[in-house]
Each structure stands twice: as structure tokens, then as C-alpha cells.
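Q: Please work out how this folds:
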Amino acid sequence: MQTTLKTEVTFEGIGLHSGAAVRVVLHPAAADTGIVFRRSDLADQPMLPALWRNVIVSPLNTRLSNAAGVTVSTIEHLMAALAGCGVHNVLVDVNGPEVPILDGSAASFVRAIVSAGLCHLSAPLRAIEILEEVSVSEGLSFATLSPSASLQIDFEIEFSDAAIGRQRKTLNMANGAFVRELCDSRTFCRSSDVDAMHAKGLALGGSVENAVVFDGDQVMTPGGLRHPDEAVRHKMLDALGDLYTAGAPILGRYTGTRAGHAMTNKLLHALFARPQAWRWVDCDAQIAARLPGVGVSPADLAAVA
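A: All right, here's what the predicted structure looks like:
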């Protein structure tokens, strides 16, 4: 069955790109609402459903837009937390154009969601089952969805910086794997990228306090890495959040190589353009047990930094 939060959850922090203070409130929502963002700072408080067709392609983050051009950006870490904790319905009030970056991971979102607890709704839950392989590519980057009994993420990255290098990781996302394995992994960049973005007026709120910054073979962020392969883990976190804009949990295997937000969104467009490649399935207890977030408990947070 579908879920929502038992109580409201509030977050405050700075926006990665604007550097401005942002406040986010997660409200419990009725069955079949889905994940919907609302710009509470605007007079008409416009709604932006977190769906793939409302995503503006961006290499730096996942940004929603409505027909009037109102946007909310950097939703991917919160979306990953909602997916990984099994939250299907929530109204997200944001008093600005972006979700706060917090520490650059999804850990703070996860802690608050798990503490609030979930309310089970009477409506049945449906998932998207992948029936045929769908792939997209661009240069050396590609992403694929293929049939699988549960959501699996297989991701590979490769950077010239020795501190990153080539990393690959595969996870079955069932039974709290996201909370235990991925949610505390932070966004990352190279020192030269930070300087370039600041020069263009981008990532004004970015710092070593909310990102892992690499410079050749050095990790510039105080305290170093939370995981030796934190970079690829964060890419998997992003992928889970971006996949949740499908509008429902996915039963399939996601394979990404050098992929990012734009590539995952391109993959969802390709999937839904091929009706024969997927179908809706009603989640009985056996199927639900294989979904991300099912069975997550405070004990899973013990492994989180």
C-alpha cells in the first residue's frame, strides 16, 4: 500500500547555486498525490509535480519547471531520500527556487524522514516493471534500464584525478540498502571546477562544507572521505533520486557509465516513449518487499555518518 509521512518535517539551509537561505517543509499528503513541490514564496504558490516530463535538462542538478516557467532545482537528494525511505506521497513546500544542499548528501533528509515515521494509506501501490532493455548514450556516457525483479543500480565513473580514478559499484536497492550504503555520500567536484563555477556566478553556496572537493590526488574537504568510493556512491544516490521522477518505484536494473542527471532523464523519456518496454504492476506483499525503503528502521541509520 502507499505511504506518506506521519508528521511534517522541516529543513533549513543554503541553496547550492544562490547561496541564499532556504526553508523546506514536507507535508503528509493523500494517496495518489505523488511527490509534488510547491513554491511557497510566490503569491499563487504554484505546484510542480516531480515527474520526468517536468524536468529541465541540466548537468549540475535536477530542476523542475511548470508551464509558467516557475522552477525548483536541486531536488535530487531529497527525491533519493524519499525513494530510499519508501515515501510515495508528500507535498514539499520550498520558499525559494532550490532545495538546500545541507551537507551535500541525503543523510539529513533520511534521518528526519525515519524519525517522523510513515503512515500507511489504504490505496494500493503500483510500480513500473521494466520489460525490455532501453538505452541512451552520448559520447562515452550511457545509461540503460533492463528487466530485473527489484531495483538494482550498477554505476561506473572514471576521472583523471588520482583521488577519484575509476570506481564501480552495484547494489540491490531493496530493504534499506540506500540508507545503509548510499545516503551519506556527498556530491563532489574538482577544485578547478569550483573556481570556474564561481567565476560564472554558479554554485555560490558551494564549499568544502557541503561537497567533497578533489584536487589531483588530494581530498580538500576536512575529514576526508566517508567511503573510499564515495564519489560513485553519490552518483548512485543521484540516479535513485532522478529515477523516482518516473512517478513510481521502478522494478528494473539501471546501469550507468559516466552518466548524470541529463542522461537519466533522457533514459526516462526513452522508456516512456516505448509502451512495450514497461508496464504497471500492483505491488502485493512479495513485490513490495523488494522495493527501496520497505523495512527501513532507525537501526539502519547506525551505519550513516
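
Q: For the chain, which element, helix or strand, carries the lowest mean pLDDT?
A: helix 191-199 (a mean of 65; mean pLDDT, DSSP states H and E).

Q: Beyond it, next helix or strand please.
A: strand 212-215 (DSSP states H and E).

Q: partners of the next helix or strand after that following strand, with directions?
A: Of the helices and strands lying after strand 212-215 in sequence (DSSP H and E), the nearest is strand 218-219. Strands that pair with strand 218-219, judged by DSSP bridges, come out as strand 212-215 (antiparallel).

Q: Please spell out which residues along the partner strand are buried.
A: 212, 213, 214 (16 or more other CB atoms under 10 Å). The C-beta positions use only the backbone N, C-alpha and C, and glycine is treated the same way.

Q: show me the contacts for the last one.
A: It refers to residue 214. 159, 161, 163, 164, 188, 189, 190, 191, 220 (CB atoms under 8 Å, 6 or more residues apart in numbering).

Q: Filter these down to the buried ones, PyMOL style.
A: This is how PyMOL selects the buried members of those, with burial counted by 16+ other CB under 10 Å:
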select buried, resi 161+163+164+188+189+190+220
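
Q: Reformat the contacts of residue 214 as a markdown table; add distance to residue 94.
A: Formatted as a markdown table, the contacts of residue 214 follow (distance: CB to CB, whole Å):
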| residue | distance to residue 94 |
| --- | --- |
| 159 | 32 |
| 161 | 33 |
| 163 | 34 |
| 164 | 31 |
| 188 | 24 |
| 189 | 24 |
| 190 | 29 |
| 191 | 30 |
| 220 | 30 |
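
Q: of all the contacts of residue 214, which comes closest to residue 78?
A: residue 188 (18.3 Å; CB to CB).

Q: show me what contacts the closest one?
A: Contacts for residue 188 (CB under 8 Å, 6+ apart) come out as 164, 211, 212, 213, 214, 230, 231, 234.

Q: switch to 10 Å and redo it
A: 104, 157, 159, 161, 163-164, 211-214, 219, 221, 225, 230-235 (CB atoms under 10 Å, 6 or more residues apart in numbering).

Q: what's the most distant pair in the contacts of residue 214?
A: Pairwise over the contacts of residue 214, using CB to CB, the maximum falls at 159 and 220, 14.6 Å.

Q: So what's the residue count around residue 8?
A: 13 (other CB atoms under 10 Å).

Q: Where does residue 111 sit: helix, strand or coil?
A: helix (DSSP: H, G, I helix; E, B strand; the rest coil).

Q: so it touches residue 296, yeah?
A: No - applying CB atoms under 10 Å as the test, residue 111 and residue 296 come out as separate, 11.4 Å apart.

Q: Between those two, which is the more surrounded one?
A: Taking neighbours as other CB under 10 Å, residue 111 and residue 296 compare with residue 296 leading, 22 against 19.

Q: Ramachandran angles for the more buried one?
A: For residue 296, the backbone dihedrals (degrees, to the nearest 10) come out as phi -60, psi 140.

Q: would you list every one of the helices in the stretch 201-305 of the chain?
A: 230-243, 261-272, 285-288 (DSSP state H, counting those that start in this stretch).

Q: and the angle for the longest one with helix 261-272?
A: Here the directions of helix 230-243 and helix 261-272 differ by 40 degrees (axes from the mean of the first three to the mean of the last three CA atoms, to 10 degrees).

Q: In contact with the residue nearest the centre of the chain, which residues?
A: Geometric centre of the chain, nearest residue: residue 241, 2.1 Å, by CA atoms, centre = their mean. The neighbourhood of residue 241, defined by CB under 10 Å, 6+ apart, consists of 50, 62, 75-84, 106, 178, 261, 264.

Q: Quick check: the gap between it and residue 110.
A: In this view, residue 241 and residue 110 are 12 Å apart by CB to CB, to the nearest Å.

Q: what residues do those two have in common as contacts?
A: By CB under 10 Å, 6+ apart, the residues touching both residue 241 and residue 110 are 77, 78, 80, 81, 82, 84, 178.
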